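1. This is a predicted model, with the sequence first.
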Amino acid sequence: MPEHATVRSVRSFLPEFDLHAPANLTDALETLAREPGQWRLFAGGTDLMVLLEAGKLPAGRYLSLWGLSELRGIEITDDEIVLGALTTYADVMGSEALQAECPLVCRAAAETGGVATQNRGTIGGNIANASPAADTPPALLVYDADVDLVSVRGVRRVAYDRFHLGYKQMDLAPDELVQSVRLARGRGGWLHAWRKVGTRRAQAISKLCFASAIDLTGTAVRDIRVALGSVAPTVVRAAHAEAAIRGRAITHETIAASCAALARDIAPIDDLRSTAQYRLRVARNLLEEFLSSAVA
Amino acid sequence: MSDAPAITVSCRVNGTPAELHGHPMDRLLDVLRLELRLTGSKEGCGEGECGACSIMIDGQLVNSCLVPLLHAQGTSITTIEGVAEGDRLHAVQEAFIAHGGAQCGICTPGMVLAAITLLERTPEPSLDDIRTALAGNLCRCTGYTRIFEAVLQACRSMPRSGA
């Protein structure tokens, strides 16, 4: 290697970081099975390379999934839209099926970073990075997402609202990786709302992220989904807030009941981006605004 | 652990076959600047926020500070050095000059590449399209107005295929 090429400004010692490209998905799964827990997964790099530069990425061996064509592509079945784990935000935004039936996922993708990040960041990476401040997970929950986890043992399907077990804890074995995300179809006719509340309008990490959809007949809520990010150790579905209004008409009373119940669904904290009090208040305001506007 | 082996990656850079050397997790930005001496791509933030290191990989805009060297294997890379044809500047570059779209110059290579990828996707962008497409490229000098004017001008002056 030429002498000049050894000068680097990253705050990590690069010889301690291996990044290996498996030949195909089978090779990747066999590698994980052979040495479980010895490899960390690496997709588009938009999170891990930031940690590398900052000197905060653990040294060791990383398995690159980026070249695995088996994990790419969007497939549409009769009742599901199936996103390969390496589907990028740009792929999401460019999908007519998602725009029509799962518009909140497209909104979330469009507000995640700029074009360069959208070309590289992936849905699978966004899930498996397990940040409670990620922006696509609340949208995925609105469409009852399931996650397919694959290993040499086969494919295991997990409901996405049970995939995150705690802060950065996932129902993901050391030999497994996220293969795809499955979204329910047929909700294109529902009313949709999505809001990311950050320090600025763009290019900011969320203080709070809100995604919701309602199946409405007149003022009656036939069905509803409410999901939030950055308000608990994991992304959460607001089951109590939903139950307080599902099957009822939208009135001042049911809106108040749903917003009150939201406190039981979320557990916001004070951190560098915001406060618990602010997050609860904004979450309730956004839910109230959406429910009110749905019948206005 | 034992040290990761140095690797050699084969790709095309600005139309020419190239071999890049380094550790697999080396940032592509560093290898382009230090090994190929393509110093047009700048390091601003080093964390994917500012776009000063923007390059194109297989026609797509990416932040080269977030791309590990390994992921350059087999790709076709365009840096700002590959945008002009000899002495003939790209229409976007000409428009940046004509409209004063550059001051200190650190953001300019990334801005130009972001604008080119926009015009390839959307030949007649609205001001909103331009704002969105350049949102990942920060400029601390110009206040952006002259940059947006330059991009609007560039799409008027670029030759249309089939025109």
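-> Done, it's in.
2. residue contacts, whichever residue of chain B sits closest to chain A?
-> As assessed by Cβ to the nearest Cβ, chain A sits closest to residue B:136 within chain B, at 1.8 Å. (Glycine included, C-beta is placed from N, CA and C.) Residues counted as contacts of residue B:136 (Cβ atoms under 8 Å, 6 or more residues apart in numbering or on different chains) are A:113, A:114, A:115, A:116, A:117, A:203, B:49, B:50, B:51, B:54, B:63, B:114.
3. Which ones among the residues you listed map onto helices?
-> Among the contacts of residue B:136, the members found in helices (DSSP state H) are A:115, A:116, A:117, B:114.
4. which ones are touching residue 83?
-> Just going to use chain A. Per Cβ under 8 Å, 6+ apart, neighbours of residue A:83: A:74, A:92, A:123, A:180, A:181, A:182, A:183.
5. Wait, chain B was what I had in mind.
-> Contacts of residue B:83 by Cβ under 8 Å, 6+ apart are B:89, B:90, B:92, B:93, B:112, B:113, B:116.
6. do residue B:132 as well
-> Residue B:132 neighbours (Cβ under 8 Å, 6+ apart): residue A:115.
7. Three-state assignment for it, please.
-> Secondary structure, DSSP: H, G, I helix; E, B strand; the rest coil: residue B:132 is helix.
8. now do residue A:62
-> Under three-state DSSP, residue A:62 falls in the strand class.
9. That one pairs with what?
-> Here residue A:62 sits in beta bridges with residue A:19, residue A:40, as judged by DSSP bridges.
10. ok, for the spatially most central residue of chain B, nearest residue in space, not its chain neighbours?
-> Taking Cα atoms, centre = their mean, the centroid of chain B lies closest to residue B:55, which sits 3.1 Å from it. Among residues not flanking residue B:55 along the chain, residue B:64 sits closest, at 4.6 Å (Cβ to Cβ, 6 or more residues apart in numbering or on different chains).
11. what sits against the one you found?
-> Residues in contact with residue B:64 (Cβ under 8 Å, 6+ apart) are B:27, B:28, B:29, B:32, B:41, B:53, B:54, B:55.
12. Distance of residue A:49 relative to chain B?
-> 4 Å (Cβ to the nearest Cβ, to the nearest Å).
13. That residue contacts residue B:45, doesn't it?
-> No. Under the criterion of Cβ atoms under 8 Å, residue A:49 makes no contact with residue B:45, lying 11.9 Å away.
14. Neighbour count: the two, which is higher?
-> residue A:49 (27 against 15; other Cβ atoms under 10 Å in any protein chain shown).
15. Next up, the contacts around the more buried one.
-> Counting by Cβ under 8 Å, 6+ apart, residue A:49 makes contact with B:27, B:48, B:65, B:66, B:67, B:68.
16. if you set the cut-off to 6 Å instead, what comes out?
-> Counting by Cβ atoms under 6 Å, 6 or more residues apart in numbering or on different chains, residue A:49 touches residue B:66.
17. cool, and the one 3 residues further on?
-> Taking Cβ under 6 Å, 6+ apart as the definition of contact, the neighbours of residue A:52 are residue A:12.
18. and the residue of chain A found nearest chain B, what does it touch?
-> In chain A, the residue that lies nearest chain B is residue A:114 (1.8 Å; Cβ to the nearest Cβ). Residue A:114 is in contact with B:135, B:136, counting by Cβ under 6 Å, 6+ apart.
19. I'd like to know how many residues surround residue 73.
-> The chain I'm using is chain A. Residues near residue A:73, counting by other Cβ under 10 Å, number 13.
20. ah, I was thinking of chain B
-> Residues lying near residue B:73 (other Cβ under 10 Å) number 17.
21. And for the one 5 residues further on?
-> By other Cβ under 10 Å, the residues close to residue B:78 number 20.
22. Also residue B:119?
-> 21.
23. Residue A:187 now?
-> As a burial measure, residue A:187 scores 22 neighbours (other Cβ under 10 Å).
24. how about it, secondary structure?
-> coil.
25. Could you name the helices and strands sitting against the lowest-mean-pLDDT helix or strand in chain B?
-> Within chain B, confidence by mean pLDDT, DSSP states H and E is lowest for helix B:145-157 among all helices and strands, at a mean of 93. Packed against helix B:145-157, as judged by 3 or more Cβ pairs under 6 Å, 6 or more residues apart in numbering or on different chains; DSSP states H and E, are the following elements: helix B:91-98, helix B:108-121.
26. Out of those helices, which gets nearest to residue A:165?
-> Set against residue A:165 and scored by Cβ to Cβ, the helices and strands packed on helix B:145-157 come closest in helix B:108-121, at 39.2 Å.
27. And the closest one, what's buried?
-> By 16 or more other Cβ atoms under 10 Å in any protein chain shown, the buried positions in helix B:108-121 come out as B:108-119, B:121.
28. just those now: which is nearest residue A:213?
-> Using Cβ to Cβ, residue B:121 is the member of the buried residues of helix B:108-121 that sits closest to residue A:213, with 29.1 Å.
29. Which pLDDT value goes with that closest one?
-> Here, the pLDDT recorded for residue B:121 equals 93.
30. quick one: low-confidence ranges for chain B?
-> By pLDDT under 70, the weakly predicted segments of chain B are B:1-2, B:159-163.
31. the domain parsing of it - what is it?
-> Domains of chain B are assigned by automatic domain parsing as B:7-82, B:91-157.
32. For residue B:10, give me its contacts.
-> Counting by Cβ under 6 Å, 6+ apart, residue B:10 touches residue B:19.
33. switch the cut-off to 8 Å
-> Shown in contact with residue B:10 (Cβ under 8 Å, 6+ apart): B:17, B:18, B:19, B:73, B:74.
34. list the contacts for the first one?
-> The reference is to residue B:17. For residue B:17, the contact set (Cβ under 8 Å, 6+ apart) comprises B:10, B:11.
35. The host helix or strand of it pairs with which strands?
-> According to DSSP states H and E, residue B:17 maps onto strand B:16-22. In the sheet, strand B:16-22 lines up against strand B:7-13 (antiparallel) (DSSP bridges).
36. mind saving the C-alpha coords of the partner strand as CSV?
-> Taking Å, rounded to 0.1, in the frame of the first residue of the first chain, the C-alpha atoms of strand B:7-13 are listed here in CSV:
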residue,chain,number,x,y,z
ILE,B,7,-7.9,-5.5,0.5
THR,B,8,-7.7,-4.4,-3.2
VAL,B,9,-11.0,-3.3,-4.8
SER,B,10,-11.6,-3.0,-8.5
CYS,B,11,-13.9,-0.4,-9.8
ARG,B,12,-14.2,2.5,-12.3
VAL,B,13,-13.5,6.0,-11.2
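37. For that strand, buried residues please.
-> By neighbour count with 16+ other Cβ under 10 Å, strand B:7-13 contains the buried residues B:7, B:9, B:11, B:12, B:13.
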